[in-house]
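Structure of the sequence below:
(3 chains)
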Amino acid sequence: MAPWLKSRWVTVPLAIALTVLAWNAYVAINAGGKVEGRVVDAAGRPVANASVILLERHFVMHNERQRTRTDGSGYFQFTGNDNHSLQLEAEAAGLGRSERRAVRLWFRAQNVSLTEPLQFSAQLP
Amino acid sequence: MVAAGKETDDGTVPVTGWWQRKRTRERIVVACFLLPSLTIFFLYRVLPLAWNVLLSLQHWSPLKPARWAGLDHYEEMLLYDEVFWQALKNTLIFIAVSPLAIALALGIALLVNSNLKGAAIYRSIVFLSYPLMTVAVGIIWRWMYDERGGIINFALRESGLIAKPIPFLQSFDWALPSVIVAEIWQVLGFYMIIILTGLQSIPPHLYEAASIDGAPRWAQFGRITLPLLRPSLFLCAVIGILNSFTSFDLIYIMTNGGPGHATELLITYIYKSGFGQTKFDYAAALTVVQFVLLLALTYLANLVAGGNAGSLEPR
Amino acid sequence: MPRRRTFLRHANLIGICAVMLLPFYWVLKTAVTNENIYAYPPRLLPEAPHLFNFVDVWYFIPFPRYLLNSFIVSALVVAGNIAFNAMAGYALTKNFPAKRAFLLLFFSCMLIPFQATIIPAYLITSQLGLLNSYLGLAFPLLSTIVCIFVFKAAFEAVPQSLIDAARIDGLTEWHIILRVLLPLSKAALATNVVLAFIWSWNAFLWPLIITREPTMQTLPLGLARFLSYLEDTTGALYAFAVMVLAPSIFVFLMAQREFIRGLTSGATKG
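Coordinates of the predicted model:
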């Protein structure tokens, strides 16, 4: 192999270029804009038909962007998110509002699935 | 290779033809190769210097035609402009502190200049601050001096030295020293490298001979090291002088000349006059004064270093 | 050397290095911490560190744009420096009348700091119509005297026989530089590249004067502008500073030797 290929002036920029390419590929694949998760009450039981709000960050404030409802098993899904700093909040009749969860992504429109469900502080009757 | 000239009456062969053309061709090449660099230096060093002098003697503004002003600007500057004198004083303070920084760098260089394991790492760490963007350095130090989030106030309060935080960059007394500390932090590595190079070019047999003669270490330092370091120390002094003229970035970010004009340097005042108040002619006069000051100080440093830029060759 | 003295030296040096590195650590800690950075007392370690401030900086300020501008200007400066300095250095290795005059001219130009020229430099650049353009940003830095002397010294070290052989082979002067001298002066070339890159990357005053639109601003300007932008309680500004410093630190770590050599050889009248 030609000795100049092993010089640090070639290997390091090459490594950087490859990393950048790989990252861009990863971003392109995973930028679906999907945000999904589950909503549970204080006891851990799924809450159906709760209203979930997606807020996105605008400088120092968060503005509401989308709303959806959870299905029978407390699962909700947003599509079309194109921001990188979000907040999620749920509200349901009789349970008030849930915690406001901040969701920060690595790149805009990253597909994300909540690891911890949104939790209400009250319980379903 | 026969010259293509014809023999003349007295028997000599005139240097014409092929040989002549080669030398002129070489001169043309030299001229062409020097041209780009010379253009840049002419446009951005020589011409501006001359134009500065010209501008300083005129009343000039972008919209109106120029009027001769003579020494009006200088009169205004020297007699009526308090900001100028404050800026001058601050610049001189900046310069006066550089021997301290050079001494510090000398100490560090002496420590690093040994067969210590990892000397190269220490050297790199100390030098790391120099090639950084001065704007970022200014932001870093601004944060270090912050009253709430800064570590300097925190350390001072925790160690019981002060009870309330000191607003370093907003106080009339502390602003200039604070900026100077930041500047020293950044330039220390550069001084160290220059001194290190000088140290490493001192032949070791001089020390050996002195040891054999029984000279104590401090005498060796004073008689061998210091004199042979003269060129390096002179260079550091010149850098220190230049630094006080080029620390625009640091001042702009940390204090912007404030509070009041406590940290105003000549260069920031020039920038504010020229591009803030668009008094180009007055700023040109300030620049001329600054440049004259620079030349005078460099000449002085040359004298102190023993003439001839502190070089070691006999005159 | 006695062990105690070695230990003392190490201790002193470690202390000094700790002081030199402290600002870096403090800013890094502020950039990744998750708490209100103005809370007193400040914590010495970042709390719940996260890297999302960097994501915010990437999107909320035109960081890619500033990066691109800085990169283009630096590329122009490096290319111009290599070309013009090599040419001038080569020309200075030859003997020609008025050579001493030119050398003197170059030396004295070294004493004229850029700051002594800003007002007319601005006027000249605007006359040339280069305000707010990449070329205008790069123009004053396209050739530096220190680097010319670095090349000159390197070219003078090449044996004349090689140059003569190349000339006999019929190479033009420009080809001689390209094919013979430059490959043998790798160190000088590297020094030139590194010095030119760092000076243009860090330049603040000149871009401040020359740019008229935010889209032409380079990285230092973007950083300065962001200072007054949002004084929020997160470490976003300091994440920006870290992102700005990373390329410089990276280039420095890669090119330490060349950088130091260039500074010392050129500065001590190589």
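
alpha carbons only for contacts and neighbour counts from here, please
Will do.

which residues does the most centrally placed residue in chain A bridge with?
Most central in chain A under Cα atoms, centre = their mean is A:V112, positioned 3.8 Å from the mean C-alpha point. Note on A:V112: beta-bridge partners A:V35, judged by DSSP bridges.

From chain C, how far out is it?
Per Cα to the nearest Cα, to the nearest Å, A:V112 is found 15 Å from chain C.

Ok, B:G198 next?
Separation of B:G198 from chain C (Cα to the nearest Cα) stands at 9 Å.

That residue and B:P227 touch, don't they?
No: with contact defined as Cα atoms under 8 Å, B:G198 does not count as touching B:P227 (10.8 Å).

returning to that earlier point: check contacts around the residue nearest to the centre of chain A.
When contacts are counted by Cα atoms under 8 Å, 6 or more residues apart in numbering or on different chains, A:V112 touches A:K34, A:V35, A:E36, A:L105.

what number of residues lie near the third one?
Yep, that's A:E36 we're talking about. 16 (other Cα atoms under 10 Å in any protein chain shown).

before we move on, what about the last one?
Under the neighbour criterion other Cα under 10 Å, A:L105 is assigned a count of 17.

Now do the closest residue to it other than its chain neighbours against chain B, distance only.
Of all residues beyond its chain neighbours, the one nearest A:L105 is A:H84 (4.9 Å), with distances taken as Cα to Cα, 6 or more residues apart in numbering or on different chains. Distance check for A:H84 against chain B: by Cα to the nearest Cα, it reads 26 Å.

And the pLDDT at A:H84?
On pLDDT, A:H84 comes in at 86.

give the contact list for the closest residue to chain B within chain A.
Nearest residue of chain A to chain B, counting by Cα to the nearest Cα: A:R8, 18.0 Å away. Contact partners of A:R8, counting by Cα under 8 Å, 6+ apart, are C:M254.

10 Å instead, please
A:L14, C:M254, C:A255 (Cα atoms under 10 Å, 6 or more residues apart in numbering or on different chains).

May I see the domains of chain A written out as residue ranges?
In the assignment given by automatic domain parsing, the structural domains of chain A cover A:1-30, A:31-119.

buried stuff in the shortest one?
Counting neighbours by 16 or more other Cα atoms under 10 Å in any protein chain shown, one finds that the buried residues in domain A:1-30 are A:V27, A:N30.

just how off-centre is it within its chain?
Distance, stretch centre to chain centre, for domain A:1-30: 29 Å (Cα atoms, centre = their mean, to the nearest Å).

try the longest one
Its chain's average C-alpha position is 8 Å from that of domain A:31-119, according to Cα atoms, centre = their mean.

Near the residue nearest to A:L105, how many residues? Count them for me, please.
20.

for the one 5 residues further on, same thing?
Residues near A:E89, counting by other Cα under 10 Å, number 20.

sorry, back to before: okay, the contacts of A:R8 in JSON lines with distance to chain B, pLDDT and secondary structure next?
Output for the contacts of A:R8, formatted as JSON lines (distance: Cα to the nearest Cα, whole Å; pLDDT from 0 to 100; DSSP: H, G, I helix; E, B strand; the rest coil):
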{"residue": "A:L14", "distance to chain B": "24", "pLDDT": "89", "secondary structure": "helix"}
{"residue": "C:M254", "distance to chain B": "11", "pLDDT": "84", "secondary structure": "helix"}
{"residue": "C:A255", "distance to chain B": "11", "pLDDT": "82", "secondary structure": "coil"}
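
give me the element the most centrally placed residue in chain B is part of.
Central residue of chain B (Cα atoms, centre = their mean): B:L242, 2.3 Å from the mean position. In the assignment (DSSP states H and E), B:L242 maps to helix B:230-246.

ok, is whichever helix or strand comes after that helix in contact with chain C or not?
Helices and strands here follow DSSP H and E; after helix B:230-246, the next one along the chain is helix B:248-254. Yes: using Cα under 10 Å from any Cα of the partner chain, helix B:248-254 reaches chain C at B:F248, B:D249, B:Y252, B:I253.

Please give me every residue in contact with the second one.
Shown here is B:D249, whose contacts under the criterion Cα under 10 Å, 6+ apart are B:133-138, B:256, B:267-268, C:202-205, C:220, C:224.

Nearest to chain A among these?
Of the contacts of B:D249, the one sitting nearest to chain A (Cα to the nearest Cα) turns out to be C:A224, at 18.6 Å.

How many residues are close by the closest one?
21.

Kindly report the same for A:L86.
22.

Just list whatever residues bridge to the nearest residue to it once chain neighbours are set aside.
Closest residue to A:L86 in three dimensions, ignoring its sequence neighbours and counting by Cα to Cα, 6+ apart: A:E56, at 4.4 Å. Listed beta-bridge partners, A:E56: A:N63, A:L86 (assigned using DSSP bridges).

quick check: domain ranges of chain C?
C:1-50, C:53-267.

So which residues of chain A form strands?
A:35-40, A:51-58, A:61-69, A:75-78, A:85-92, A:96-97, A:101-104, A:112-113, A:118-119 (DSSP state E).

For C:K29, which of the ones you listed is the nearest?
strand A:101-104 (19.2 Å; Cα to Cα).

any idea how far C:V55 is from the residue of chain A found nearest chain C?
Taking Cα to the nearest Cα, chain C has its nearest neighbour within chain A at A:W106, 6.2 Å off. Separation of A:W106 from C:V55 (Cα to Cα, to the nearest Å): 6 Å.
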